[in-house]
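J.: sequence-free structure coming up:
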């Protein structure tokens, strides 16, 4: 079942001025329930503008957004309701922490949705358990935590609203490798626990190869590819034309093919690569 | 070769909630003039604390740091030390002070009280060195992250430092911006002979260094060429670090009975190593 449909969406900044600028231009796509979608594109390609439409932070200049088959702008006064269905985690979300305690910060979203009392407490605690925020942190000030912990608390604040669709704008930016792996794990846990649909903007092709079912590729405000991750990474030349690239291991395999080795063209993780080379080795023995 | 920086038994302690912590623990090390050194380590390993001591922004709790032979504790030479060792930080927006690019780059040399003609010349040269000369009359906030970070670097270059310390200068940039900064750093090092100390979480950036240092719990636990360091996949993972994907592939192949060498890094070398193995076996 399609959970999200974007139809002919355009967004222009600075309308009615000489500086009018089309950030997103006639974009259409459909996302199915439970999918993990990666959005890639260089800076200024319109990724962030696009995702800010998905929960009604930006209003389309043209076109429409359908969540569960209803247009989110049908009743403009109720647009806030859509934010409990579609959660958006901005870049550097830890800069948006503001409450006195970790508990209050995580509780802020669900509280605004009308969750209260024991149910609110349970929401916060369940979310903390899911993403590995320790109970003893709950009464601490969020500002006393380390960078990686702050980010997890900020993400927990969005997850506590239990959105069916959760959108992350570069969730691992600025973290060390361990911090990056932890955030990826947290995202996977949430997806599994609530069968949620996940959309991630990322610059790391290696992370995308590991996580995404499908990739939506943007360039100059348009969607230039929307296909299975494997199919997108087969098109290295097209990606390079728009300032992107394929994962490093895929580039190694492209090089092997240029050297005349008969390797498959759908290798984009280290695991795929090892399997492919094991087969070749076994094949050589049999020959 | 002589040393631009000498770190002698340096410890740095700080107090938080009345508890004393050690960020840097009895570290000794020399940085050679003209070298390109990368420091790796997870968040909280002490890298940034150490970096801030290299030009006297932080003073060691015990031990000494000498910059070109001058102790960073020597208050009379504070400006001289900051002129010799320039710092570039993570967030470009926090480092720009003026509303026009060339004025921003001129800020440092103006504070040195240099002759206006010399300032003009230094600003132009610095902007050319980072490839931003054509943007000299632009407004920084209209530039991309990578461009802004290059302006921040130009502001340091205009002081004609002997050494630049960069603390995760690419962490907030996209791949294109990151590549711009890395190319700029390499050019300053190779063409102008400026000593570079680069702190980063991106393993690909470490591949270009002459020397890689790994920090963990306030100490250096490894010191070698990139190939020597990345070969040690287990050690790096045990301290929360990663390896370039090429190394990860070669390592995984070895664990699966395909004995390729693990001390190569580039895509080309990796492909060659695999081809060579398959031809031999």
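T.: All right, it came through fine. Since the model is a prediction, treat every value here as computed from it, not as a measurement. Numbering: from 1, shown residues only, chains lettered A, B, ... in the order given.
J.: need the strands for the stretch 151-287 of chain A, in chain order.
T.: Ranges of strands in the stretch 151-287 of chain A, per DSSP state E, counting those that start in this stretch, are A:165-169, A:197-201, A:214-219, A:222-228.
J.: buried residues in the last one, which are they?
T.: Going by neighbour count (16 or more other CB atoms under 10 Å in any protein chain shown), the buried part of strand A:222-228 is A:223-226. Backbone N, C-alpha and C define where each C-beta goes, glycine included.
J.: packing partners of that strand?
T.: strand A:21-32, strand A:214-219 (3 or more CB pairs under 8 Å, 6 or more residues apart in numbering or on different chains; DSSP states H and E).
J.: again with the first one
T.: Using 3+ CB pairs under 8 Å, 6+ apart as the contact definition, the elements that strand A:165-169 packs against are helix A:47-54, strand A:86-89, helix A:147-159, helix A:177-194, strand A:197-201.
J.: which one, of these, ends up nearest to chain B?
T.: helix A:177-194 (3.7 Å; CB to the nearest CB).
J.: what does the closest one contact?
T.: Under the criterion CB atoms under 8 Å, 6 or more residues apart in numbering or on different chains, residues A:34, A:36, A:130-132, A:147-148, A:151-152, A:155, A:159, A:162, A:164, A:166, A:168, A:171-172, A:175, A:196, A:198, A:200, A:207, A:210-211, B:42-43, B:201, B:203, B:240-242 lie in contact with helix A:177-194.
J.: for PyMOL, what selects the buried ones among the residues you listed?
T.: The buried residues among the contacts of helix A:177-194 can be selected in PyMOL (16+ other CB under 10 Å) with this line:
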select buried, (chain A and resi 34+36+130+131+148+151+152+155+159+162+164+166+168+171+172+175+196+198+200+207+210+211) or (chain B and resi 42+43+201+203+240+241+242)
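J.: from memory residue B:266 sits against residue B:207, does it?
T.: Yes. Because the distance of 7.4 Å satisfies CB atoms under 8 Å, residue B:266 is recorded as touching residue B:207.
J.: of the two, who's got more company?
T.: Taking other CB atoms under 10 Å in any protein chain shown, residue B:266 and residue B:207 do not tie; residue B:207 has more neighbours (18 against 14).
J.: check the more buried one and give its pLDDT.
T.: On pLDDT, residue B:207 comes in at 89.
J.: check contacts around it.
T.: By CB under 8 Å, 6+ apart, the contact list for residue B:207 reads B:226, B:230, B:244, B:265-266.
J.: try residue B:189
T.: B:34, B:36, B:195-196.
J.: part of a helix, is it?
T.: Yes. Membership of residue B:189 in a helix is supported by DSSP: H, G, I helix; E, B strand; the rest coil.
J.: next one: it from chain A, what distance?
T.: Distance of residue B:189 to chain A, computed by CB to the nearest CB, to the nearest Å: 24 Å.
J.: what secondary structure does the residue nearest the centre of chain B sit in?
T.: The residue lying closest to the centre of chain B (CA atoms, centre = their mean) is residue B:198, at 1.0 Å. Assigned state for residue B:198: strand (three-state reduction, three-state DSSP).
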